[in-house]
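[1] mind looking at a prediction? Sequence and model below.
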Amino acid sequence: MKIGILSDSHDNVPLVRACITAFMEAGVDAIIHAGDIVAPFAAKELLTAAVPVRAVYGNNDGDRERLAEVLEGIQPGPREFTMGGKKFMLVHDRDAIADKDLSGIDILIYGHTHLYHKEPGPPLAINPGESGGWITGTPSAAILNTDTMQVSKIDLA
């Protein structure tokens with residue numbers, strides 16, 4: 001299974017669209033957003049991919065009620081789920097789970113730092129960087145293949 005991963009899009013709709021285009025060209029089966037979507041109009045862009053979307057709130061997601069109307073199942077992290085035969089933990093700020101037992105988790109996805117980062121684990125930890133590009137100026141996302149556990153970084157600039 002291929003999963004498109006993004007975080008910290010911060011309402012940058014053109015770059016969210018660029019992510020969706022890259023994800024669709026790669027043939028992703030699902031999308032995971034690690035928070036800081038910010039507004040419901042930006043969240044609607046994720047649905048244009050017509051694949052399942054899993055998301056958590058970030059520290060800048062103010063209108064949570066309206067975001068929940070757009071993205072079914074969005075919730076505060078940490079959020080645990082199984083996808084592609086792997087157990088995921090999804091959180092916006094990794095520091096929020098510093099004391100959490102991660103045994104049994106195959107893949108940890110987080111954001112917040114705006115910097116791409118990958119650790120082999122276990123668990124495999126992935127921060128796709130900031131898809132919005134507002135802080136670093138180097139917008140990025142990632143694609144995970146759950147069969148091979150390979151992660152590909154996507155540079156959106």
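    Here it is on my side, so go on. As the structure is a computational prediction, the values presented were derived from the model and not from experiment. Numbering: from 1, shown residues only.
[2] where's residue 127, which helix or strand?
    strand 124-128 (DSSP states H and E).
[3] all strands of this structure, in order?
    2-6, 30-33, 53-55, 79-83, 86-90, 107-109, 116-119, 124-128, 140-145, 150-155 (DSSP state E).
[4] mind listing what the residue nearest the centre of the chain touches?
    Among the residues of the chain, residue 33 comes closest to the average C-alpha position under C-alpha atoms, centre = their mean, at 2.7 Å. By C-beta atoms under 8 Å, 6 or more residues apart in numbering, the contact set of residue 33 is 5-7, 9, 46, 53-56, 71. The C-beta positions use only the backbone N, C-alpha and C, and glycine is treated the same way.
[5] beta partners for it?
    residue 6, residue 55 (DSSP bridges).
[6] now it: how far from residue 104?
    Residue 33 sits 23 Å away from residue 104, going by C-beta to C-beta, to the nearest Å.
[7] list the contacts of stretch 91-102.
    7, 34-36, 56-59, 77-79, 89, 108-113, 122-123, 125, 127.
[8] what about it, start to end distance?
    Separation of the first and last residues of stretch 91-102 by C-alpha to C-alpha, to the nearest Å is 12 Å.
[9] report the buried residues of that stretch.
    Buried residues in stretch 91-102, defined by neighbour count with 16 or more other C-beta atoms under 10 Å: 91-94, 97.
[10] one more: stretch 148-156?
    So, applying 16+ other C-beta under 10 Å, buried residues of stretch 148-156: 151, 154, 156.
[11] skipping adjacent residues, who's closest to residue 90 in space?
    Closest residue in space to residue 90, ignoring its immediate chain neighbours: residue 79 at 4.5 Å, by C-beta to C-beta, 6 or more residues apart in numbering.
[12] that neighbour is in contact with residue 89, isn't it?
    Yes. Counting by C-beta atoms under 8 Å, residue 79 touches residue 89, with 7.3 Å between them.
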